[in-house]
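Chemist: output the structure for:
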Amino acid sequence: MANVFIVEDDASDLRHAKSLVTNLGVGKVDSASTVGAAVRYLDEIVEGKREAPVLMILDLALGYESGFEVLRRWKSDAHLKSIRVIVWTQMGEREQELCRLFGLEHVVPKWGSEKELQDAVRAVVNLPSQSSQ
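Modeler: Coordinates of the predicted model:
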């Protein structure tokens, strides 16, 4: 079973994301609601104090903070490269382009369907699709 790390400051969106990944059958779900907490989590992985999750679901709009700071930390260390990232956020074309520059494969707008996020999680964590369950 895969572990997932969710970085989300909105309590409702966090509950929704946790429920979605839990229903898909992932293992442990950790979360952070601020850039500082997310960066500390990643630092603990680098320091060997925490096992790396398979997936990080990241909101880019974290109150007055930017999730791009979390992406910078993720991109800056080889120990963190094994963590796959899905950006799940309210964003425009500029943010989507920046995500592509970071090399992210999965960018899912929050206003999209729940199926979009489910499909992205399934693809990253190698879970079977609904039709094969």
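Chemist: spatially central residue in this structure, please.
Modeler: Ile57 (1.2 Å; Cα atoms, centre = their mean).
Chemist: for it, give its distance to Gly48.
Modeler: For Ile57, the distance to Gly48 equals 23 Å [Cβ to Cβ, to the nearest Å]. For glycine as for every other residue, the C-beta is placed from the backbone atoms N, C-alpha and C.
Chemist: so Leu20: helix, strand or coil?
Modeler: Three-state call for Leu20 (DSSP: H, G, I helix; E, B strand; the rest coil): helix.
Chemist: hang on, it packs against Leu117?
Modeler: Yes - counting by Cβ atoms under 8 Å, Leu20 does reach Leu117; the two are 6.2 Å apart.
Chemist: how close does Ile83 get to Leu58?
Modeler: 10 Å.
Chemist: specify which residue of the two has the higher count of neighbours.
Modeler: Shown here are Ile83 and Leu58; by other Cβ atoms under 10 Å, Leu58 has more neighbours (24 against 18).
Chemist: show me what the least confident helix or strand in the chain by mean pLDDT is packed against.
Modeler: Of the helices and strands making up the chain, the lowest-confidence element is helix 93-101, at a mean of 79, by mean pLDDT, DSSP states H and E. Judged by 3 or more Cβ pairs under 8 Å, 6 or more residues apart in numbering; DSSP states H and E, the packing partners of helix 93-101 are strand 106-109.
Chemist: put the alpha carbons of the next helix or strand after the strand it packs on into CSV.
Modeler: Where DSSP states H and E defines the elements, the next helix or strand beyond strand 106-109 is helix 114-125. Output of helix 114-125 as CSV, limited to C-alpha atoms (Å, rounded to 0.1, in the frame of the first residue of the first chain):
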residue,chain,number,x,y,z
GLU,A,114,-13.4,14.3,-8.9
LYS,A,115,-12.7,11.6,-11.5
GLU,A,116,-9.7,13.7,-12.8
LEU,A,117,-8.1,13.6,-9.4
GLN,A,118,-8.9,9.9,-8.9
ASP,A,119,-7.4,9.1,-12.3
ALA,A,120,-4.2,11.0,-11.6
VAL,A,121,-3.8,9.3,-8.2
ARG,A,122,-4.5,5.9,-9.8
ALA,A,123,-1.9,6.6,-12.5
VAL,A,124,0.8,7.7,-10.1
VAL,A,125,0.2,5.1,-7.4
